[in-house]
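Mind folding the following:
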Amino acid sequence: MSRLEELIAELCPDGVEYRTLSELFQTRNGYTPSKSNKEFWENGTVPWFRMEDIRENGHILSTATQRVSRDAVKGKLFPANSIIVATSATIGEHALITVPSLANQRFTYLVLKTEYQHLFEIKFLYYYCFKLDQYCKECLNQGNFASVDMKKFAKFRFPVPPLPVQSEIVKILDNFAELTAELTAELTAELTARKKQYSEYLNILIDKNRFSNPTMTKLGELFDFKNGLSKGKEFFGRGTPFVRYTDVYNKRVLHKEDISALVECTPSELEKLKVTRGDVLFTRTSETTEDVGWSSVMLDDIGACVFNGFTIRAKPKTDRLLPEYCAYCFSTNEFRQYVTSHCAFTTRASLTGNTIAEYSLAVPSITEQQEVVNILDKLYLLCNSLTSGLPAEIEARQKQYEYYRDKLLTFKELTA
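Numbers count the residues shown, from 1 in each chain. Below is the predicted model:
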């Protein structure tokens with residue numbers, strides 16, 4: 001019998017009680033201080049966390065890539081050892097913040113109430129929030145922008161095992177996480193090198209100077225631009241397939257099976273906002289400039305399909321461009337730099353079709369476009385496919401870790 005099994009048999013043989021999130025935690029959304037006030041963003045000392053911090057530095061954070069001044073804080077800072085949970089846009093991420101902080105409005109802060117602090121080890125709650133992440137993905141509001149149903153969020157339940165049990169679980173998971181990290185570090189380094197190579201090839205192959213006789217053409221001559229459909233929550237869950245902001249943000253290309261949302265729209269709306277093969281969709285607005293201007297190209301004709309108001313559709317006016325070529329063109333460093341330097345920012349970053357229309361794109365022959373696509377398709381598959389190679393090995397190790405973590409965090413519930 002393991003030490004954990006001994007502790008459970010001794011301290012909670014009949015199970016453990018569960019308490020709701022709303023009972024245990026004070027909750028409050030993060031926010032973005034006004035970008036128009038430069039003093040808020042100069043010489044800042046207060047960490048301001050974004051999704052990029054989790055992506056770049058993991059799930060336990062003490063420093064942020066951006067800081068704001070103390071004058072930008074509304075009232076008090078969120079205390080150290082709070083947990084931030086993504087409840088809009090990119091759902092299913094969280095982090096333990098070990099310092100007083102702020103975060104943007106994508107996140108809801110969980111601050112353990114004083115009267116329950118003696119019941120928990122904070123890292124146990126941090127680990128259990130991986131279950132909360134999955135729960136959030138299953139409790140989404142239907143709407144223009146992915147968000148968690150906060151009434152259901154409040155009802156999520158946390159177990160309250162004895163502290164020695166929590167400590168033993170944290171020790172096991174810490175060790176397992178460290179071992180998993182060591183085993184995947186070498187694989188990840190190799191994969192990172194491959195992705196860097198892919199990015200370099202992408203930017204070289206799309207460069208106008210390497211084509212035989214490219215035509216430099218403004219996107220406004222190649223596409224018609226239109227903003228998407230905004231509807232109330234009562235219109236979602238039925239009707240026409242609907243491309244959401246998160247579909248565009250998370251995928252370079254879109255296929256029929258990627259469109260899971262539905263919205264009720266009029267024949268006139270469908271006529272004006274229909275998405276067909278070859279259409280390019282751009283993210284139009286977000287909390288940060290880094291999240292604006294990401295694109296996804298529709299590669300299937302799926303009949304009736306519309307797109308949401310947080311995105312811009314670029315509909316081709318010409319057959320001079322292969323859709324697959326476009327999917328790579330708008331991922332280059334040059335285009336990303338153009339977008340981030342030309343989008344507007346008040347309370348949110350925003351991009352217009354008129355701004356995108358001014359960007360000039362190299363349009364080589366169809367034969368040259370296809371050659372570029374053939375090369376980049378192979379490199380992209382090598383770097384990103386989860387069905388073979390290094391990504392599959394990393395995914396397998398992560399799934400193994402997640403399986404054992406879930407087992408360790410599953411408790412029998414104490415009955416009255």
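
so where do the helices sit in the stretch 1-150 of the chain?
Here the stretch 1-150 of the chain has its helices, by DSSP state H, counting those that start in this stretch, at 3-11, 21-24, 51-57, 122-137, 150-155.

Would you reformat those helices as JSON lines and include mean pLDDT?
Shown next, in JSON lines, are the helices of the stretch 1-150 of the chain (pLDDT from 0 to 100):
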{"stretch": "helix 3-11", "mean pLDDT": "92"}
{"stretch": "helix 21-24", "mean pLDDT": "97"}
{"stretch": "helix 51-57", "mean pLDDT": "89"}
{"stretch": "helix 122-137", "mean pLDDT": "96"}
{"stretch": "helix 150-155", "mean pLDDT": "95"}
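
These: which one's closest to Pro364?
Of all these, it is helix 51-57 that lies closest to Pro364, at 33.7 Å by CB to CB. No exception for glycine: its C-beta is placed from N, CA and C like everyone else's.

Just the buried positions in the closest one, please.
Met51, Asp53, Ile54 (16 or more other CB atoms under 10 Å).

same deal with stretch 360-376?
Neighbour-count burial for stretch 360-376, with 16+ other CB under 10 Å as criterion, is recorded at Leu361, Ala362, Val363, Pro364, Glu368, Gln369, Val372, Val373, Leu376.

Repeat that for stretch 16-29.
Val16, Glu17, Leu21, Leu24, Phe25, Thr27.

Redo those as TSV? Include distance to Thr114.
Output for the buried residues of stretch 16-29, formatted as TSV (distance: CB to CB, whole Å):
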residue	distance to Thr114
Val16	22
Glu17	19
Leu21	16
Leu24	11
Phe25	11
Thr27	15
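
The longest strand anywhere in the chain pairs with which strands, parallel or anti?
Looking across the chain with DSSP state E, the single longest strand is strand 236-243. Sheet pairing of strand 236-243 (DSSP bridges) gives strand 261-263 (antiparallel), strand 306-307 (parallel).

Give me whichever of the ones you listed is most buried.
strand 306-307 (a mean of 26; mean count of other CB atoms under 10 Å).

which residues sit against that strand?
228-229, 240-243, 248, 263, 265, 269-270, 273-275, 281, 313 (CB atoms under 8 Å, 6 or more residues apart in numbering).

Which parts of the stretch 251-400 of the chain are helices?
Using DSSP H, counting those that start in this stretch, helices in the stretch 251-400 of the chain cover 267-273, 323-329, 333-342, 353-357, 366-384, 389-408.

Could you list every helix and strand that the first one packs against?
Put plainly, it is helix 267-273. Judged by 3 or more CB pairs under 8 Å, 6 or more residues apart in numbering; DSSP states H and E, the packing partners of helix 267-273 are strand 306-307.

The longest one too?
Here helix 389-408 is seen to pack against helix 122-137, helix 163-205, helix 366-384 when contacts are counted using 3+ CB pairs under 8 Å, 6+ apart.

what helices or strands is the first one leaning on?
With contacts taken as 3+ CB pairs under 8 Å, 6+ apart, helix 122-137 sits against strand 82-86, strand 94-97, strand 107-112, strand 157-159, helix 163-205, helix 389-408.

Can you lay out those as CSV showing mean neighbour count, distance to Ser2 and mean pLDDT?
Output for the helices and strands packed on helix 122-137, formatted as CSV (neighbours: other CB atoms under 10 Å; distance: least, CB to CB, whole Å; pLDDT from 0 to 100):
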stretch, mean neighbour count, distance to Ser2, mean pLDDT
strand 82-86, 25, 28, 96
strand 94-97, 23, 26, 96
strand 107-112, 21, 28, 96
strand 157-159, 21, 19, 97
helix 163-205, 15, 9, 84
helix 389-408, 14, 10, 82
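
JSON lines please, covering the ones you listed and showing distance to Glu39.
Shown next, in JSON lines, are the helices and strands packed on helix 122-137 (distance: least, CB to CB, whole Å):
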{"stretch": "strand 82-86", "distance to Glu39": "25"}
{"stretch": "strand 94-97", "distance to Glu39": "24"}
{"stretch": "strand 107-112", "distance to Glu39": "24"}
{"stretch": "strand 157-159", "distance to Glu39": "40"}
{"stretch": "helix 163-205", "distance to Glu39": "36"}
{"stretch": "helix 389-408", "distance to Glu39": "42"}
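
Can you list the low-confidence ranges for this structure?
1, 142-144, 384-390, 416 (pLDDT under 70).

picking up where we left off before, closest one of the buried residues of helix 51-57 to Val297?
Distance to Val297, by CB to CB, is smallest for Met51 among the buried residues of helix 51-57, at 23.4 Å.

Distance-wise, check the residue nearest the centre of the chain relative to Ala344.
The centroid of the chain falls nearest to Thr90 when counting by CA atoms, centre = their mean (3.3 Å). According to CB to CB, to the nearest Å, Thr90 and Ala344 sit 23 Å apart.
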